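1. build me a structure from this.
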Amino acid sequence: MKTGEIVIVSFPYTNMLEEKARPAVVVAVTNDLYEDVVVCMISSIVPPSINSQQVLLIPSSTNNLRAESVIKVARISTLERGKVVATIGKLDESEMHQFVQAFKDLVIK
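-> Residues are numbered from 1 along each chain as shown. All right, here's what the predicted structure looks like:
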């Protein structure tokens, strides 16, 4: 898995008790014995205005999303590789640039 790939994962709710299958963007694969996958959640509930920690995605043949969606960069989870159900697409060059910038804005203030 590579940074920018769009995968279907069992994404945990914040209470960590429940999960939901949903698309997510791969941030990285950990460089350790476990090789867990770090992802950011993608939601099809698009807010009226996009903030600096969100990236708007329009469905395309590259990302293979079915509906207009938003990457929620601040919704990060580290998951076992087995939680990845499928790889469905990837971010295009422009989306990847926006994603990296939003991630930088999140961690560098």
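2. from here on, just use CA atoms for contacts and neighbour counts.
-> Will do.
3. pretty sure residue 97 sits in a helix.
-> Yes. The assignment for residue 97 by DSSP: H, G, I helix; E, B strand; the rest coil puts it in a helix.
4. any idea how far it is from residue 53?
-> According to CA to CA, to the nearest Å, residue 97 and residue 53 sit 13 Å apart.
5. list phi and psi for the residue nearest the centre of the chain.
-> By CA atoms, centre = their mean, the chain has its centre lying nearest to residue 25, at 2.6 Å. Here is the backbone geometry of residue 25 (degrees, to the nearest 10): phi -100, psi 130.
6. what about it, distance to residue 101?
-> 14 Å.
7. try residue 40
-> Distance, residue 40 to residue 101, using CA to CA: 14 Å.
8. who does the strand or helix carrying residue 75 pair up with?
-> Per DSSP states H and E: residue 75 is located in strand 69-79. Using DSSP bridges, strand 69-79 pairs in its sheet with strand 37-43 (antiparallel), strand 54-57 (antiparallel).
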